[in-house]
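> Could you look at this predicted model? Sequence included:
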Amino acid sequence: MKREKVIQSLISIAAVIILLVILNKVLTPFQARIFNLGGIYIILAISMNLINGFVGLFSLGHAGFMAVGAYTSALLTMSREAKEMNFFLEPIVPWLLDVQLPFPIAIIIGGLMAALAAALIGAPVLRLNDDYLAIATLGFSEIIRVIFTNTQSLTNGALGLKGLPYIGVTDSPKEAIWWIWGLVIITIVFMVLLINSTYGRAFKAIREDEIAAEAMGINLFKHKMMAFIIGSFFAGIGGALLGHYMNTIDPLLFRYLLTFNIILIVVLGGIGSITSSVISAIVVTIAQELLRVLDGKMQIGSLIINGVPGTRMVVFSALLMLVILFYQRGLMGTNEFSWSWFKKLPFKTKKAKIS
Amino acid sequence: MKRKLSLLLALVMVLSIIAVGCSQQAPAEQPKEEVIKIGVFEPLTGANAAGGELELEGIKLANKLFPTVLGKKVELVVLDNKSDKVEAANAATRLVDQDKVSVVLGSWGSGLSIAAGAVFKEAGIPAIGTSATNPLVTLNNDYYFRVSFIDPFQGNVMANYAFNEVKVKKVAFIIEKSNDYSVGLAKFFNDAFVELTGDQNAVVYTGYYNTGDQDFTAQLTGIKASGAEAIFAPGNFTESALIMKQAKELGINLPMLGGDTWETPEVIDIAGAAAEGAVFSTFFDSNAKLTPVTTEFLDAYAKEYSGKEPAAVTALGYDAYILALNAIERAGSADPKAIRDAVAVTKDFPGAAGVVSLDENGDAVKSAVIKTIKDGKFTYLTTVEPIKK
């Protein structure tokens, strides 16, 4: 049984890689951009789902951790010339001027810095519960943004950074799809293994009932810290990818709105399911572009509707309300994708017919 | 019920994915009359929507006046970038890749322009910025140009005005720290002013605030004690108006200097009498007939939106469009590369908001207008010519 599962997982990873090869050939740059953004959002949604969905900590600090990751990686990979160009108001701190690391190392350091920030903030904050935790983490993420706005010689303040190197080791935008989706696969595999380990079971136990979990001998604080730090690590990596993918970052990018974008993905999909985050991230990213049609002029029969910009966002608001009112578990609830679905499929339809 | 709803939701999502695939092929199959496509990406929703709408007004007005170029119809492809960087880059890619535009106009907000700039550079599509004043927009990007002047020039203009006209030797700053525009303006004001006065400490006090702050007593008390003779406070209009008001309340009667963001009716509404005498630089004024095109623009604007005063950014949107048309004409084709080369050599091009000559970075070298607030109205003071290097 176990071996079967491993083989199935390997097959699915291989299938994804083959799919990527095909997509890389077929997709136009615009489609590839949306597809890659979807990948970045998958990483962000999964990392948030670990904290909010599996451990049940209502944290709103994601944008802050992304900012830490993005700025760290940006400053570590930019060339001396690029830094000198950006820092025309105030020169950059001298010890950072000549630092230039390869991209893979820089994003890992970016993730680690985000994890470090999470460890520092988590120690006092994770003793709080529910709303208090949400407010404290939201505040923290705003504090990070304000700090980055004010450290002119370190982050270039409100001016932001421009000319971040492309994702990858060669200076070409073509590599992005492999790095992003490679990291998506790594993130998914890591999270699946983590969730199915004893730690994962402990996380879920804490989510269901803290007191019962503690009575069973689970160290609440330790496990919460662990999930918080791991989630933030991947948030940092996701933030770094986002920055490099856009070639520019500034503090305004990491407003709390960014956190809510990711919450939208997580809630629509289902809090507490990795599969749902993956599907939801891709669908939401694609739908956001697709629904642009609604912003434009529309003709239904003889009725011409002049487009109102922003109509497409209304769709998401309405969808979110529907989900919260009628289907609080989201698209998938806490279910995960598994091969046994396919085995059950004929049986299930039969049963549905009978009932 | 729930099962059905979930099925419905899943179905909608699957259909949307399929629709993505379909919608891409659809436009390619209909070879209609030949058009030249000009892309516009502006923040039409979100925090910067007001600015984006004003610019779009100017672009649409120009399109109405000049709907054809090279005998072909011009089609505007307008996309909203949601005042969001990620969306700005998406919209830019969409314009370049799907709509296959020849040239792009926009956007309000430097951060959005920078994010999209990387896309335009990669695709080799020229973009003409409207009111993005951060120097980084065009720096190191051969495909981004703009019809507005940049922060360094504006800071310089105000420093000269403070020194030569207001005749002060010591100024105080109040800077909106979270706004790249405010930080940039203050920096270049400082550089120019120190050079003019020859005094390293000509700026006697620098106070900071964040967007959304309400109370500026601390900064103003600092200024009162510092012996400054004028206050330079570029920044968001609401906060700036509050600064003026609170300064008067504290008995500070120093000349207030600012930047183009002050040219918003809210400043007068909020600050009331305290705004009297405030001086700021901006791109355009309907009384300063900068070029013959200004008159043309004003007439058309009055006809289209009667009873409204055109904003400076509307004039800039207008200019971006007519410069794009002019470049297409000079290039003689809709080929983006040819248009880029034509835009790059723009010299003495008369726009509604002044004569545009592009320098080697693609930034417009043009005159600035200085205005003051008098009797509750924005009043034209003078025009400052660009510094020829």
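Arrived safely, thanks for sending. Residues are numbered from 1 along each chain as shown, chains lettered A, B, ... in the order given.

> What ranges in the chain fall below the confidence cut-off?
In the absence of a named chain, chain A is used. Using pLDDT under 70 as the threshold, the predicted model of chain A has low-confidence ranges A:1, A:297-306, A:339-355.

> meant chain B, my bad for not saying
Along chain B, segments meeting pLDDT under 70 span B:1-33, B:387-389.

> Could I get the phi/psi values of the residue nearest the centre of it?
Relative to the mean C-alpha position of chain B, the nearest C-alpha, by CA atoms, centre = their mean, is the one of B:Ser131, at 1.9 Å. Taking degrees, to the nearest 10, you get phi -120, psi 20 for the backbone angles of B:Ser131.

> ok, how many other residues are close to B:Gly106?
In terms of burial, B:Gly106 registers 32 neighbours under the definition other CB atoms under 10 Å in any protein chain shown. Any C-beta I mention is one placed from the backbone N, CA and C, and that applies to glycine too.

> what about B:Pro350, which helix or strand?
For B:Pro350, the host element (DSSP states H and E) is strand B:349-351.

> Show me the helices in chain B, by range?
Assigned by DSSP state H, the helices in chain B fall at B:2-25, B:49-65, B:85-97, B:110-123, B:151-164, B:180-197, B:217-226, B:237-249, B:265-271, B:292-304, B:312-331, B:336-344.

> circling back: what's the strand holding B:Pro350 in contact with?
Contact with strand B:349-351 is made by B:147, B:291-293, B:315, B:318-319, B:322-323, B:326, B:355-357, as judged by CB atoms under 8 Å, 6 or more residues apart in numbering or on different chains.

> Next to chain A, which bits of the stretch 101-250 of chain B? Give me the list.
On the criterion CB under 8 Å from any CB of the partner chain, chain A has as its neighbours in the stretch 101-250 of chain B the residues B:111, B:114-115, B:117-118, B:122-123, B:134-136, B:139-140, B:177-180, B:182-184, B:187, B:208, B:210.

> could you redo the last one with a cut-off of 7 Å?
Where proximity means CB under 7 Å from any CB of the partner chain, the interface of the stretch 101-250 of chain B facing chain A comprises B:111, B:114-115, B:118, B:122, B:134-136, B:139-140, B:177-180, B:183-184, B:187, B:210.

> What subset of those residues is buried?
Buried members of these, counted by 16 or more other CB atoms under 10 Å in any protein chain shown: B:111, B:114-115, B:118, B:122, B:134-136, B:139, B:177-180, B:183-184, B:187.

> Tally up the residues packed near B:Leu54, please.
Close neighbours of B:Leu54, defined as other CB under 10 Å, add up to 21.

> Is it in contact with B:Val313, as I believe?
Yes. The pair B:Leu54 / B:Val313 is scored as a contact, 4.9 Å apart, by CB atoms under 7 Å.

> what's the following helix or strand after the helix or strand where A:Val192 lies?
Secondary structure from DSSP H and E places A:Val192 in helix A:176-196. Beyond helix A:176-196 on the C-terminal side, the first helix or strand identified by DSSP H and E is helix A:198-208.

> Which helix or strand lies directly C-terminal to that next one?
For helix A:198-208, the following helix or strand on the C-terminal side (DSSP H and E) is helix A:210-215.

> right, and the helix or strand after that following helix?
Sequence-wise, the next helix or strand downstream of helix A:210-215 (DSSP H and E) is helix A:220-246.

> Which elements pack onto that next one?
Packed against helix A:220-246 by the contact rule (3 or more CB pairs under 7 Å, 6 or more residues apart in numbering or on different chains; DSSP states H and E) you find helix A:29-49, helix A:62-77, helix A:103-125, helix A:176-196, helix A:198-208, helix A:210-215, helix B:85-97.

> Number of residues surrounding A:Asp171?
Number of residues near A:Asp171 (other CB under 10 Å) recorded here: 8.

> er, A:Leu27 I mean
Residues near A:Leu27, counting by other CB under 10 Å: 16.

> Grab the nearest non-local neighbour of it.
Taking CB to CB, 6 or more residues apart in numbering or on different chains as the measure, A:Leu27 lies nearest to A:Phe35, with 6.2 Å between them; neighbours along the chain are not counted.

> Next one: the one you found relative to chain B, how far apart?
10 Å (CB to the nearest CB, to the nearest Å).

> burial measure for that residue, as a count.
Tallying neighbours of A:Phe35 according to other CB under 10 Å, which is how burial is gauged here, yields 20.

> for B:Glu53, same thing?
Taking other CB under 10 Å as the criterion, the count of residues near B:Glu53 is 18.

> What sits closest to it if chain neighbours are left out?
If the residues on either side of it in the chain are set aside, B:Glu53 comes closest to B:Leu44, at 6.5 Å by CB to CB, 6+ apart.

> This completes my enquiry, with thanks.
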